[in-house]
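S.K.: Give me a model of this one.
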Amino acid sequence: MLSARNQLAAVVKSVKLGNVMAEVVVDVAGTEVVAAITRGSAEALKLQPGDHVKAVIKSTDVLIDKS
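M.R.: Residues are numbered from 1 along each chain as shown. Okay, the predicted model is just below:
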């Protein structure tokens with residue numbers, strides 16, 4: 001369970017893995033949102049285009065949760 005209140009249903013559009021970070025582009029009700037997360041987190045979540053996820057917005061960060 002996450003404490004952040006701003007949890008938006010989203011669909012992964014793309015995942016670009018870098019050496020340390022990953023860029024995850026998601027669609028939230030027709031709006032594209034881009035998150036920068038660690039490569040390790042992207043791999044642990046096994047994020048793929050088409051996955052249904054939650055974009056979790058807390059302060060200035062966008063986190064990704066895959067349920």
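S.K.: Helices along this protein, start to end?
M.R.: Secondary structure of the chain by DSSP state H: the helices cover 39-45.
S.K.: quick one: the residue with the largest distance to the centre of it from residue 9, how far?
M.R.: Residue farthest from the centre of the chain, counting by CA atoms, centre = their mean, is residue 19 at 17.6 Å. Distance of residue 19 to residue 9, computed by CB to CB, to the nearest Å: 30 Å. From N, CA and C alone the C-beta is placed, and that goes for glycine too.
S.K.: Over to residue 27?
M.R.: Distance from residue 27 to residue 9, by CB to CB: 10 Å.
S.K.: Counting neighbours, what do you get for the closest residue to residue 4 other than its chain neighbours?
M.R.: Distances taken as CB to CB, 6 or more residues apart in numbering place residue 58 nearest to residue 4, at 4.2 Å, with adjacent residues excluded. Residues near residue 58, counting by other CB atoms under 10 Å, number 13.
S.K.: Okay, now the unreliable bits of the protein?
M.R.: By pLDDT under 70, the low-scoring segments of the chain are 1, 60-61.
S.K.: And the strands in it?
M.R.: When assigned using DSSP state E, the strands of the chain occupy the ranges 6-17, 21-28, 31-38, 52-58, 61-65.
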